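Asks: sequence and predicted model, in that order:
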Amino acid sequence: MSATRTPTRTPSRAPADPSPRTGSRGPDTAPHPRMRARQVEVARRAGRRRLRRLTALLAVACLAVWVGVLLRSPVLDVDRVQVDGARHTPTDAVLDAAGIEAGDAMVGVDLDTAGHRVADLPWVDEVVVRRRWPGTVRIVVTEREAVAVVAHGGGWALVDPEGRVLALSGPRPALPLIDGSTDVAPGERLDADGREAAAVVAGLAGGFADEVAGATVSEEGVEVVLADGYVVVLGDESDLDDKVASAEAVREQVDPTDGCRIDVRVPRAPVLTAGGDCA
């Protein structure tokens, strides 16, 4: 007798519930109101920052435009050019050289170029050009000093310690005479001998500085002629104080009739050349 076997069925699993579990959020679920409010606030803050930056940039640009317009407007034009310190140089010559005129924009004035042009004038040693807001340009001039004269055509040329010709004069000024003559124009310099003589005359301090009647350059260097007729051989411009003191000591010990020439090129060993009447 055969037995019949009944097959055993395996219970099938129930299909998964596609709906989300209670309390979970899917991709289409709206965010929590507090989170949404936070996102909105962050976006608003970023927008306000961008607006502030844009406003600041626009304000700076507008300010720059207005400043540029103001600086070049008649409100800030040059109203006056003031010249100080020019005693020998005519004010008109300084103004012409500077090239600054009333009505020029203050911001557009080229101070350096104006200063260089004024410095080229014969008498001018140093010059400072400054703006004085709102409408004045001030030019301060320091002039050179004339220390000697040299023959120039039918008149005389005044020279400074560097041998620069400052001006021409008809009558001879009361300054030491540098021997020789020159044809250089004001603003130019003498030759090497003339420059050396001018430097020596300018370097004399105390002693017979006020007694120098003239200066010349020989093979022995610079010689100065004093009012009493003495000739003092100084050589170059080195140790001038010692040379002057040495020459003064000799003059105090001798009579002019005893000597006419004092060589102090070596200050500690002056040499007196006797003979002639120096008075």
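Replies: In hand now; what should we look at? These numbers come from a predicted model, not from an experiment.

Asks: how is this structure carved up into domains?
Replies: For the chain, automatic domain parsing gives the domain ranges 77-143, 148-273.

Asks: with mean neighbour count, distance to Ala46 and mean pLDDT as extra columns, can I get the ones you listed in a markdown table?
Replies: Every C-beta, even on glycine, is put in place using the N, C-alpha and C of the backbone. Formatted as a markdown table, those follow (neighbours: other C-beta atoms under 10 Å; distance: least, C-beta to C-beta, whole Å; pLDDT from 0 to 100):
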| stretch | mean neighbour count | distance to Ala46 | mean pLDDT |
| --- | --- | --- | --- |
| domain 77-143 | 16 | 40 | 95 |
| domain 148-273 | 17 | 69 | 90 |
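
Asks: just say helix, strand or coil for Val200.
Replies: helix (DSSP: H, G, I helix; E, B strand; the rest coil).

Asks: what's it in contact with, if anything?
Replies: Going by C-beta atoms under 8 Å, 6 or more residues apart in numbering, Val200 touches 215, 222, 224, 234, 236-237, 240.

Asks: about what we covered before: as JSON lines, the domains of the chain with distance to Ala37 would be great.
Replies: Listed next are these as JSON lines, based on distance: least, C-beta to C-beta, whole Å:
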{"stretch": "domain 77-143", "distance to Ala37": "54"}
{"stretch": "domain 148-273", "distance to Ala37": "83"}
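
Asks: got the CA coordinates for stretch 142-162 in CSV?
Replies: Presented in CSV, the C-alpha positions along stretch 142-162 are these (Å, rounded to 0.1, in the frame of the first residue of the first chain):
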residue,chain,number,x,y,z
THR,A,142,66.9,131.4,-1.7
GLU,A,143,69.3,133.5,-3.7
ARG,A,144,73.1,133.2,-4.2
GLU,A,145,75.6,135.6,-2.8
ALA,A,146,78.0,137.7,-5.0
VAL,A,147,81.5,137.5,-3.6
ALA,A,148,83.6,139.0,-6.5
VAL,A,149,83.5,140.6,-9.8
VAL,A,150,85.3,140.0,-13.1
ALA,A,151,85.6,142.2,-16.2
HIS,A,152,82.9,141.5,-18.8
GLY,A,153,83.0,143.5,-22.0
GLY,A,154,82.7,147.1,-21.0
GLY,A,155,81.3,146.3,-17.5
TRP,A,156,81.5,143.8,-14.8
ALA,A,157,80.1,140.4,-14.0
LEU,A,158,79.1,139.5,-10.4
VAL,A,159,80.1,135.9,-9.5
ASP,A,160,79.2,133.6,-6.5
PRO,A,161,81.5,131.2,-4.6
GLU,A,162,81.1,128.6,-7.3
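
Asks: show me where the chain has helices.
Replies: Counting by DSSP state H, the chain has helices at residues 33-71, 91-98, 111-119, 192-203, 240-253.

Asks: need those helices in CSV with distance to Ala185, can you?
Replies: Below are these laid out as CSV (distance: least, C-beta to C-beta, whole Å):
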stretch, distance to Ala185
helix 33-71, 41
helix 91-98, 15
helix 111-119, 17
helix 192-203, 14
helix 240-253, 30
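
Asks: out of those helices, flag the one nearest Val147.
Replies: helix 192-203 (4.3 Å; C-beta to C-beta).

Asks: relative orientation of that closest one and helix 240-253 in degrees?
Replies: Interaxial angle, helix 192-203 versus helix 240-253 (axes from the mean of the first three to the mean of the last three C-alpha atoms, to 10 degrees): 70 degrees.
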